[in-house]
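Chemist: The sequence and its predicted three-dimensional model are supplied below.
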Amino acid sequence: GQNIDQPTEMTATEGAIVQINCTYQTSGFNGLFWYQQHAGEAPTFLSYNVLDGLEEKGRFSSFLSRSKGYSYLLLKELQMKDSASYLCAVRGFNAGNNRKLIWGLGTSLAVNP
Amino acid sequence: GAVVSQHPSRVICKSGTSVKIECRSLDFQATTMFWYRQFPKQSLMLMATSNEGSKATYEQGVEKDKFLINHASLTLSTLTVTSAHPEDSSFYICSARGGGSEKLFFGSGTQLSVL
C-alpha cells in the first residue's frame, strides 16, 4: 500500500528550531511537498523537493532522501504565527498510473511563548 | 503567486438541497483541478480530479452522481453536492495546477453544514 507517516503533534518554544519528519512508502516518486494549514483555512505551499538534499527558503528548509523515503521540514526562529498543521504530500502514481498526491495526516505544531 | 478563488466560503443548507461550489483560477490556466474534502483534524481526502473539457476521475468510494464536477473552461470548475445530507457536512477545498508549475494552488475552502 501507499502511506505517509508524520508525527501527530509537536510543541516548541517561540524563537526555537523544530524539525518535522515525514516518511513515505509510495508507488513511484515524483516529488514531495510541504504545505502549511491554519485551522479553517486552505493549505499554503511551503516547499517542493524532487532531488535529494536540502532546500532552504528563509526560515523554512526542507530535506529529502529518496533512498530512505524520508523528508523533514525545518522551521527556524519560530514565531507564534507558525502554530499550524504541516502537511507532507508525495506525488506518486495511482492505479491508473496517473500522478496523484498522497497526503499525510498532518503534524499539528503548537508554538508557545 | 497564482490565485485560486473559491466560493462560497461557508454555506448552511437544509437536508435534501443541492449546493454548488465554484473554483476559479484567476491569473493562470488550470489544466487540472482537484477537489478535496477534509474532516476536522484529518488530512485532505482527494475526491476527484478534473481536466478541462473531459469527465472527472473520481476516487474510489466517491459517488459521482452525488458529487457532480464540471470543468467547462480552463479557469472554472464547479462541485455540486446533490441532495445533501448531514454526513456531507465537511470542509471542501479545490486546488489547481497549471501554468507549467508542479505546485498546487488551493482555494480558500468551503465549509458546508447540512442541517
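Modeler: Arrived safely, thanks for sending. This structure is a prediction, so every number in the text was calculated from the model and none was measured. Residues are numbered from 1 along each chain as shown, chains lettered A, B, ... in the order given.

Chemist: count of residues packed around the closest residue to chain B within chain A?
Modeler: As assessed by CB to the nearest CB, chain B sits closest to residue A:42 within chain A, at 4.0 Å. All C-beta spots, glycine's among them, are computed from the backbone N, C-alpha and C. Neighbourhood size, residue A:42 [other CB atoms under 10 Å in any protein chain shown]: 22.

Chemist: so it sits right up against residue B:110, yeah?
Modeler: No - with contact defined as CB atoms under 8 Å, residue A:42 does not reach residue B:110; the gap is 9.7 Å.

Chemist: shared neighbours, these two?
Modeler: Listed contacts common to residue A:42 and residue B:110 are B:6, B:93; contacts here mean CB atoms under 8 Å, 6 or more residues apart in numbering or on different chains.

Chemist: Up against chain B, what does chain A have?
Modeler: Within chain A, the residues that sit near chain B (CB under 8 Å from any CB of the partner chain) are A:31, A:33, A:40-45, A:48, A:50, A:87, A:91, A:96, A:98, A:100-101, A:103-106, A:108.

Chemist: rerun at 10 Å
Modeler: For chain A, the contact set with chain B under CB under 10 Å from any CB of the partner chain comprises A:4, A:6, A:8, A:30-31, A:33, A:35, A:37, A:39-45, A:47-48, A:50, A:85, A:87-89, A:91, A:94-96, A:98-106, A:108.

Chemist: Pretty sure residue B:11 sits in a strand.
Modeler: Yes - counting by DSSP: H, G, I helix; E, B strand; the rest coil, residue B:11 is part of a strand.

Chemist: That one contacts residue B:109, correct?
Modeler: No - judged on CB atoms under 10 Å, residue B:11 makes no contact with residue B:109 at a distance of 11.4 Å.

Chemist: More neighbours: which of these two?
Modeler: Ranked by neighbour count (other CB under 10 Å), residue B:11 and residue B:109 place residue B:109 first, with 22 against 18.

Chemist: circling back: quick check: ChimeraX command selecting the buried ones in the residues of chain A next to chain B.
Modeler: To isolate the buried ones among the residues of chain A next to chain B in ChimeraX, judged by 16 or more other CB atoms under 10 Å in any protein chain shown, type:
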select /A:4,6,31,33,35,37,42,43,45,47,48,85,87,88,89,91,94,100,101,102,103,104,105,106,108
